[in-house]
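Visitor: no FASTA, just this:
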């Protein structure tokens, strides 16, 4: 990850806007307001602007991202939740609105789990990731909902007592094919962990692992939801079906979101 650049000085709102606009920020005025409201001191303001001008994601600069109306804490080196992933949360709520156990696997910041718990109310919430930085960040975000964060490789991170009890298993797995990672926007490629992006040769390595193990963790009628791309969707549905899950594809053209929903058959 590139080091933080030394800060320059931006003594006024107009100077901040001008610097952001010169750096190619399309919504320079809006970004300036966010930075100015987040900065506690002039030195912090200047450091934030300098990092943003250098190409750091705005969410990592100000320390939070908005996700389904929640302010999700994000830290350098942690995957920034995408607005299209809100569609995954919506699908989970539409298909399993009455559940007591929710798991956010490959959780990153824990945004999906926090959003589900906020909507569902009293649930047992668990989030898990292989990246220690993500787990630290998720722990802060799910704590407000009584959630727990665990570090480890997929299901190995979860307490064994959850087997057969999970009603909603949301797994925002990495799904970028390895040879396409260098083609990602610099904000993702240079500032987010490779483990949150690289899904292997065809992008579906982690998805297949999750689908194969999910049935033993889901309760009867419980659902697994995984985000994927339009191109990968048929193979992703096939992976769910081979694992014995009832599978369907949900799409949102406006957000360009594709979510495979798998149900453990009763």
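Guide: Received, thanks. Computed from a prediction, not measured in an experiment: that's the story for all the values here.
Visitor: helix or strand right after the helix or strand bottoming out on mean pLDDT in the chain?
Guide: Ranking every helix and strand in the chain by mean pLDDT, DSSP states H and E puts helix 186-191 at the bottom, with a mean of 84. Next helix or strand after helix 186-191 toward the C-terminus (DSSP states H and E): helix 205-217.
Visitor: buried ones in that following helix?
Guide: 205, 206, 207, 208, 209, 210, 211, 213, 214, 215, 217 (16 or more other Cβ atoms under 10 Å). Bear in mind the C-beta positions are built from the backbone N, C-alpha and C, glycine included.
Visitor: ok, and what's touching it?
Guide: Here helix 205-217 makes contact (Cβ atoms under 8 Å, 6 or more residues apart in numbering) with 103, 105-106, 154-155, 158, 162-166, 169, 171, 173-175, 199-200, 224, 226, 228, 236, 239-240, 242-245, 262, 264.
Visitor: one more time with 6 Å
Guide: Residues outside helix 205-217 that contact it (Cβ atoms under 6 Å, 6 or more residues apart in numbering) are 155, 163, 166, 169, 171, 173-174, 199, 224, 226, 236, 239-240, 243-244, 264.
Visitor: same thing with stretch 240-257?
Guide: 84, 87, 91, 211-212, 215, 233, 237, 258-263, 265.
Visitor: return the members of these classed as buried.
Guide: Those of the contacts of stretch 240-257 that meet the buried threshold are 87, 91, 211, 215, 233, 237, 258, 259, 260, 261, 262, 263, by 16+ other Cβ under 10 Å.
Visitor: all helices of this protein, in order?
Guide: With DSSP state H as the criterion, the chain has helices at 13-22, 28-38, 42-53, 58-62, 86-95, 111-120, 132-143, 186-191, 205-217, 233-242.
Visitor: point out the most buried one among the ones you listed.
Guide: Most buried of the helices of the chain by mean neighbour count (mean count of other Cβ atoms under 10 Å) is helix 111-120; its value is a mean of 25.
Visitor: if you count contacts, what does that helix end up packed against?
Guide: Judged by 3 or more Cβ pairs under 6 Å, 6 or more residues apart in numbering; DSSP states H and E, helix 111-120 is in contact with helix 86-95, strand 101-105, strand 124-129, helix 132-143.
Visitor: mean confidence for the first one?
Guide: It stands for helix 86-95. Throughout helix 86-95, pLDDT has a mean value of 94.
Visitor: got it, and the second one?
Guide: Summarised as a single mean, pLDDT over strand 101-105 is 97.
Visitor: return the distance of it from the chain's centre.
Guide: 13 Å (Cα atoms, centre = their mean, to the nearest Å).
Visitor: that one pairs with which strands?
Guide: The pairing partners recorded for strand 101-105 under DSSP bridges are strand 124-129 (parallel), strand 166-171 (parallel).
Visitor: quick check: mean pLDDT of the last one?
Guide: Confidence over strand 166-171, taken as the mean pLDDT, stands at 97.
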